[in-house]
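[1] Predicted structure and sequence below. I'll ask about it afterward.
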2 protein chains.
Amino acid sequence: MAKHPAFAVTVDLVVLTIRADTLQALVVQRGEQPFKGQWALPGGFVHEDEDLAAAASRELQEETALSREEVHLEQLATFGAPQRDPRMRVVTVAYLALAADLPKPRAGTDAADAQWQPAADLLEGDRLAFDHTEILSAGVERARSKLEYTPLATAFCPTEFTVSELRSVYEAVWGGPLDPRNFHRKVTKSEDFLVPTEHTTTRDGGRPARLYRCGPVNLLHPPLLRVGRTN
Amino acid sequence: MAKHPAFAVTVDLVVLTIRADTLQALVVQRGEQPFKGQWALPGGFVHEDEDLAAAASRELQEETALSREEVHLEQLATFGAPQRDPRMRVVTVAYLALAADLPKPRAGTDAADAQWQPAADLLEGDRLAFDHTEILSAGVERARSKLEYTPLATAFCPTEFTVSELRSVYEAVWGGPLDPRNFHRKVTKSEDFLVPTEHTTTRDGGRPARLYRCGPVNLLHPPLLRVGRTN
DNA sequence: ACAAAAGTGTTATTATTACACCCATGA
DNA sequence: TCATGGGTGTAATAATAACACTTTTGT
């Protein structure tokens, strides 16, 4: 094989959670040039003998102190435009992480600060460093569409959750209200989506609600299509 | 920023087409070590100042002589396990290309031969070099599921095609028969999926069939779910 | 008692399936 | 005329959307 150019390879993370009924993303404030002081997605270089998913996992742990088991982590897409990093040729493999409300994030090694910000705010204008607006946008769109066809929404919930907590995830990610009664029926009838526990809770007020755990299904049949809402 | 390891970055292509009512993938026979003589997906190094999509496009052209306009090309996923290439650390960005029946492929620079082989055959056992079985598998799965929700199936058809030609794409990719009458209604009623032309053809035999072009829609509503088939 | 959220019933509309049947061509 | 696929009609079933209504708690 002929000679070939050398690239730096990084992983960047789109970490999403629901806070205050809003879809929020984890951003860090850059402590170094370029883009010093601007917000960016957390991320870092892939190590010499490290798998891509392992690098994503490690970066996630560094920023959130959460283990792989508590978070849904999947590869999102790879970005490698020649000038996306002004210093050198960097190809970044973006990962999407979803988690229930997390502890206050901690700043990583080259970050001055880390915090949650509403995804909608971050996506307007071009607030983020590098091509991170584009990466975040891809992550949000992936989350939105996977909610339709997969039980992914449960990744935003604690281990045991009520139907209305699950509904508020859909409402936050899709950005609109859903009928509580039809939603309830749909998700509870959907085979293996939710498994009921023995417990109930009144933490949401009103009549006690049954607590569920996420079931073994990978694909929802039928899907919970966003477009279902006529109006 | 600290120092970082150097990676080689390649693009690999999962090029799919329908030939003889079967989903087939383009494979090349390796002319060099490692895996010399084995079949592999076409691909190659990303150039110094080249975008990833441009590299994929270039490799596609080198193998198939087809321009970007005639082929659907989308990023699939990135593979970067530390030992996936025994020579050095290589991260590969896989692209999925779909096209109507293509001219005989030509072998690229380091390939001894290039040919179409049924995807199902390539996927059984571990026939392909490197981790290419895994990459092909991801490509086939992506195609299968995008057929449900997007008008992607038209990418396997010539510019003008009949409903039954479109149906045979679904049948080849999903691997089973569909009801011609219900399929016809579904796709023709689906808003902006197909736009009728003035022409008809009798190339499939029987009564002349109207020719369609693919419409402007990006997402099918409602989707053509695979699971629709009860039995 | 009352508010608030959980959960069930009902009805109209739409999508899906299965399959009977007619249509337009080539041989 | 007959075989072949193109295309429409129809009835049973299932999913959806809209919303009335009952249930069970906390205050």
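    Everything's here; your move.

[2] how near is the nearest residue to residue A:127 once chain neighbours are set aside to DNA strand D?
    In space, residue A:127 comes closest to residue A:39 once its chain neighbours are excluded; the distance is 6.2 Å by C-beta to C-beta, 6 or more residues apart in numbering or on different chains. All C-beta atoms are positioned from the backbone trio N, CA, C, and that covers glycine. For residue A:39, the distance to DNA strand D equals 37 Å [C-beta to the nearest atom of the strand, to the nearest Å].

[3] Just say helix, strand or coil for the closest residue to DNA strand C within chain A.
    Nearest residue of chain A to DNA strand C, counting by C-beta to the nearest atom of the strand: residue A:206, 2.3 Å away. Assigned with DSSP: H, G, I helix; E, B strand; the rest coil, residue A:206 falls in the coil class.

[4] okay, now it: neighbour count?
    Number of residues near residue A:206 (other C-beta atoms under 10 Å in any protein chain shown) recorded here: 7.

[5] could you point out the longest strand in chain A?
    strand A:8-19 (DSSP state E).

[6] wait, does it contact chain B?
    Yes - counting by C-beta under 8 Å from any C-beta of the partner chain, chain B has neighbours in strand A:8-19: A:8-9.

[7] Residue A:193 and residue B:115: what is the separation?
    Using C-beta to C-beta, to the nearest Å, residue A:193 is found at 44 Å from residue B:115.

[8] ah, wrong one, I meant residue A:149
    Separation of residue A:149 from residue B:115 (C-beta to C-beta) stands at 35 Å.

[9] Give me the more crowded residue out of the two.
    Set side by side, residue A:149 and residue B:115 give different neighbour counts by other C-beta under 10 Å, the larger being at residue A:149 (20 against 14).

[10] Show me the contact partners of the worst-scoring helix or strand of chain A on mean pLDDT.
    Within chain A, no helix or strand scores below strand A:111-118, which has a mean of 88 by mean pLDDT, DSSP states H and E. Applying C-beta atoms under 8 Å, 6 or more residues apart in numbering or on different chains, the external contacts of strand A:111-118 come out as A:17, A:19, A:22-31, A:37, A:39, A:42, A:63, A:105-108.

[11] next one: stretch A:152-161
    Here stretch A:152-161 has contacts from A:16-18, A:71-72, A:98-101, A:143, A:146-147, A:165-166, A:169-170, A:173, A:194, A:197, A:199, A:211-214, using C-beta under 8 Å, 6+ apart.

[12] Buried residues of that stretch, list them for me.
    A:152-157, A:161 (16 or more other C-beta atoms under 10 Å in any protein chain shown).

[13] Tell me if it is near DNA strand C.
    No - judged by C-beta under 7 Å from any atom of the strand, stretch A:152-161 stays clear of DNA strand C, getting no closer than 10.1 Å.

[14] So what's the residue count around the residue nearest to residue A:218 when sequence neighbours are not counted?
    Spatially, and ignoring its direct neighbours in sequence, residue A:218 is nearest to residue A:150 (6.5 Å; C-beta to C-beta, 6+ apart). By other C-beta under 10 Å, the residues close to residue A:150 number 17.

[15] Run a quick check on residue A:150 versus residue A:221, I expect a contact.
    No - when contacts are counted by C-beta atoms under 8 Å, residue A:150 is not listed as touching residue A:221 (10.9 Å).

[16] what pairs with the helix or strand hosting residue A:92, and is each one parallel or antiparallel?
    Using DSSP states H and E, the element containing residue A:92 is strand A:90-98. In the sheet, strand A:90-98 lines up against strand A:8-19 (parallel), strand A:72-79 (antiparallel) (DSSP bridges).

[17] what about the biggest helix by length in chain A, average pLDDT?
    Using DSSP state H, we find that the single longest helix of chain A is helix A:132-149. Predicted confidence along helix A:132-149 averages 97 (mean pLDDT).

[18] and the next helix-or-strand element following that helix, what does it pack onto?
    Using DSSP H and E, the helix or strand that follows helix A:132-149 in sequence is helix A:163-174. Using 3 or more C-beta pairs under 8 Å, 6 or more residues apart in numbering or on different chains; DSSP states H and E as the contact test, the elements touching helix A:163-174 are strand A:8-19, strand A:22-30, helix A:132-149, helix A:180-189, strand A:209-214.

[19] again, only using 7 Å
    strand A:22-30, helix A:132-149, helix A:180-189, strand A:209-214 (3 or more C-beta pairs under 7 Å, 6 or more residues apart in numbering or on different chains; DSSP states H and E).
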